[in-house]
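[1] Below is the structure, and that's it, no one-letter string:
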């Protein structure tokens, strides 16, 4: 199964609550990512711009075209202990 983010909720700052298509869900803080070098990440340092995140084909995406691979994000969140299983809706 291809990993996708199916729901996102903005929690303020650089924190997002995410649900994946396998039923796992968690909160991730993207503050460290926003501070990484790279021209595509510079706009994300502004919390107002960061909040413009949307889902495109199951990936977190920003208006400048920067996106985060959902497979990588799920692995990172799992390794950090940020995921829980949620009941089916």
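    Now that the structure is in, tell me what you want to look at. Quick caveat, the model's predicted, so the values are computed rather than measured.

[2] This structure: helices as residue ranges?
    31-35, 47-50, 70-79 (DSSP state H).

[3] for the protein, what's the longest strand?
    The residue-count maximum for a strand in the chain (DSSP state E) belongs to strand 5-12.

[4] In that one, which residues are buried?
    For strand 5-12, burial by neighbour count (16 or more other C-beta atoms under 10 Å) applies to residue 5. For glycine as for every other residue, the C-beta is placed from the backbone atoms N, C-alpha and C.

[5] quick check: angle from that strand to helix 70-79?
    60 degrees (axes from the mean of the first three to the mean of the last three C-alpha atoms, to 10 degrees).

[6] circling back: tell me which of the helices of the chain lies nearest to residue 6.
    helix 70-79 (9.5 Å; C-beta to C-beta).

[7] what about the spatially closest residue to residue 63 that is not a sequence neighbour, neighbour count?
    Residue nearest to residue 63 in three dimensions, not counting chain neighbours: residue 52, with 5.6 Å by C-beta to C-beta, 6 or more residues apart in numbering. Counted with other C-beta atoms under 10 Å, the neighbours of residue 52 add up to 14.

[8] For residue 52, what are phi and psi?
    With angles defined as degrees, to the nearest 10, residue 52 sits at phi -80, psi 10.

[9] check contacts around the closest residue to residue 56 other than its chain neighbours.
    Using C-beta to C-beta, 6+ apart and skipping the chain neighbours, the partner closest in space to residue 56 is residue 67 (6.9 Å). With contacts defined as C-beta atoms under 8 Å, 6 or more residues apart in numbering, the neighbours of residue 67 are 56, 59, 60, 61.

[10] Please tell me how far the residue nearest the centre of the chain sits from residue 76.
    Centroid-nearest residue in the chain: residue 60, 5.3 Å away (criterion: C-alpha atoms, centre = their mean). Residue 60 is 12 Å from residue 76, where distance means C-beta to C-beta, to the nearest Å.

[11] And for residue 19?
    Distance of residue 19 to residue 76, computed by C-beta to C-beta: 15 Å.
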